[in-house]
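A.B. asks: Coordinates only, no sequence provided:
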């Protein structure tokens with residue numbers, strides 16, 4: 001079903017893929033940022049896949065590289081090494097019309113609803129600017145109908161009350177719903193949601209997460225949900241991917257990762273999440289809760305988590321752990337299980 005109620009929005013060059021196949025793939029992607037003589041290795045060989053209609057949570061601390069992954073997928077950054085494929089097509093270095101077509105199908109919702117919406121534009125103008133180029137040629141009345149449909153999908157009804165308003169006239173929750181509606185106006189197949197609820201009041205977060213789930217179920221939209229909160233990741237995602245220092249270190253189904261986390265860093269994230277049934281900090285917690293994330297400009301030998309891990313071995317300081325499958329669909333980069 002099309003988000004724009006039957007209006008054709010498939011761009012030339014993009015194709016449908018079966019639901020059991022990967023909609024998007026990121027293969028061995030590297031990204032460096034150079035500032036003067038300082039080179040930060042922000043992404044180090046990232047491999048990520050998202051199936052049609054799948055919700056994948058990308059979890060990690062601030063500075064782990066999560067937002068860089070999203071911006072690289074959007075092609076706001078171009079990978080220095082590696083390949084990205086969307087619907088089977090290489091999109092690593094596409095330009096011009098091909099890039100514009102790709103961005104119609106891959107949309108992004110940013111963390112801060114206060115700065116991601118242009119304060120000088122009305123909601124109607126913000127929505128219109130996100131429409132595919134073919135639909136921008138329609139009459140103003142038809143464009144308003146399309147934008148109004150998208151606003152209704154996210155619970156902003158009647159849309160006529162919102163099209164003429166400006167971002168500063170809306171609440172934080174309404175702004176984030178407008179940001180989500182803006183992404184939906186292009187009838188995307190993949191939405192990158194970068195910490196979409198972290199700037200909202202606690203009372204509003206569940207509503208936005210439930211809205212994402214409803215849109216996923218109704219329109220089969222795939223999401224990359226970026227967060228540092230494993231509790232919300234478990235709530236919305238079918239798969240959890242854990243990132244640390246620019247690398248994917250653990251991956252599996254949401255239930256498997258939460259209930260049977262193997263990597264010490266994933267255990268750290270779980271223990272940092274609020275749990276009314278857990279009292280105090282255990283022996284493992286005290287040992288793990290030390291140190292800080294490594295400087296990504298350093299050429300780290302061995303495991304990037306070695307400086308904070310209670311189980312560090314000589315091998316961890318010399319050899320980088322390789323990806324291995326510890327159970328069905330549960331992948332891990334850690335020498336403890338080799």
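C.D. replies: It's in. All values derive from a computational prediction rather than experimental measurement.
A.B. asks: where do the strands sit along this structure?
C.D. replies: Counting by DSSP state E, the chain has strands at residues 22-35, 38-51, 55-59, 81-86, 89-90, 106-109, 190-194, 222-227, 239-244, 247-253, 323-327, 330-333.
A.B. asks: Would you mind putting those strands into TSV with distance to residue 115, mean pLDDT and mean neighbour count alongside?
C.D. replies: Heads up, the C-betas are built off the backbone N, CA and C, glycines and all. Shown next, in TSV, are the strands of the chain (distance: least, CB to CB, whole Å; pLDDT from 0 to 100; neighbours: other CB atoms under 10 Å):
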stretch	distance to residue 115	mean pLDDT	mean neighbour count
strand 22-35	21	95	18
strand 38-51	22	94	19
strand 55-59	21	97	26
strand 81-86	27	97	18
strand 89-90	32	96	12
strand 106-109	13	92	24
strand 190-194	12	94	25
strand 222-227	17	96	24
strand 239-244	24	96	25
strand 247-253	29	96	24
strand 323-327	37	92	14
strand 330-333	35	95	20
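A.B. asks: Nearest to residue 96, out of those?
C.D. replies: strand 89-90 (14.7 Å; CB to CB).
A.B. asks: returning to that earlier point: output the strands of the chain as JSON lines; include the columns distance to residue 117.
C.D. replies: Formatted as JSON lines, these follow (distance: least, CB to CB, whole Å):
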{"stretch": "strand 22-35", "distance to residue 117": "26"}
{"stretch": "strand 38-51", "distance to residue 117": "26"}
{"stretch": "strand 55-59", "distance to residue 117": "24"}
{"stretch": "strand 81-86", "distance to residue 117": "26"}
{"stretch": "strand 89-90", "distance to residue 117": "31"}
{"stretch": "strand 106-109", "distance to residue 117": "11"}
{"stretch": "strand 190-194", "distance to residue 117": "15"}
{"stretch": "strand 222-227", "distance to residue 117": "19"}
{"stretch": "strand 239-244", "distance to residue 117": "28"}
{"stretch": "strand 247-253", "distance to residue 117": "32"}
{"stretch": "strand 323-327", "distance to residue 117": "39"}
{"stretch": "strand 330-333", "distance to residue 117": "38"}
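A.B. asks: and residue 272, which of those strands is closest to it?
C.D. replies: Per CB to CB, nearest to residue 272 of those: strand 55-59, 11.1 Å.
A.B. asks: ok, residues contacting the closest one?
C.D. replies: Outside strand 55-59, the residues within contact range by CB atoms under 8 Å, 6 or more residues apart in numbering are 48, 50, 66, 69-70, 212-213, 216, 222-230, 232-234, 236-243, 254, 269.
A.B. asks: May I have the strands that pair with it, each with its orientation?
C.D. replies: Next to strand 55-59 in the sheet, as set by DSSP bridges, lie strand 222-227 (parallel), strand 239-244 (parallel).
A.B. asks: Pull out the buried positions in stretch 69-82.
C.D. replies: 69-70, 72-75, 77, 79, 82 (16 or more other CB atoms under 10 Å).
A.B. asks: how long is that stretch from one end to the other?
C.D. replies: 13 Å (CA to CA, to the nearest Å).
A.B. asks: Residues touching it, excluding its own?
C.D. replies: By CB under 8 Å, 6+ apart, stretch 69-82 touches 24, 26-32, 43, 45-46, 48, 58, 68, 84, 91-94, 99, 102-103, 106, 108, 192, 194, 224, 226, 243.
A.B. asks: Please report how far the residue lying closest to residue 159 once chain neighbours are set aside lies from residue 139.
C.D. replies: Sequence neighbours aside, residue 148 is the residue nearest to residue 159 in space, at 3.5 Å (criterion: CB to CB, 6 or more residues apart in numbering). Counting by CB to CB, to the nearest Å, the gap from residue 148 to residue 139 is 14 Å.
A.B. asks: picking up where we left off before, ok, which of the strands of the chain comes nearest residue 206?
C.D. replies: For residue 206, the closest of the strands of the chain is strand 222-227, at 13.9 Å, according to CB to CB.
A.B. asks: roughly how far is the closest one from the heart of the chain?
C.D. replies: From the chain centre to the centre of strand 222-227 is a distance of 3 Å (CA atoms, centre = their mean, to the nearest Å).
A.B. asks: go on, stretch 144-157?
C.D. replies: 24 Å.
A.B. asks: go on, stretch 178-197?
C.D. replies: With CA atoms, centre = their mean as the basis, stretch 178-197 stands 11 Å off its chain's centre.
A.B. asks: Report the contact partners of the nearest residue to residue 27 once chain neighbours are set aside.
C.D. replies: Nearest residue to residue 27, sequence neighbours excluded (CB to CB, 6+ apart): residue 83, at 4.7 Å. Taking CB under 8 Å, 6+ apart, we find residue 83 in contact with 25-29, 90, 92.
A.B. asks: Specify which member of the residues you listed is nearest to residue 302.
C.D. replies: Closest to residue 302, out of all of the contacts of residue 83 and judged by CB to CB, is residue 28, at 19.4 Å.
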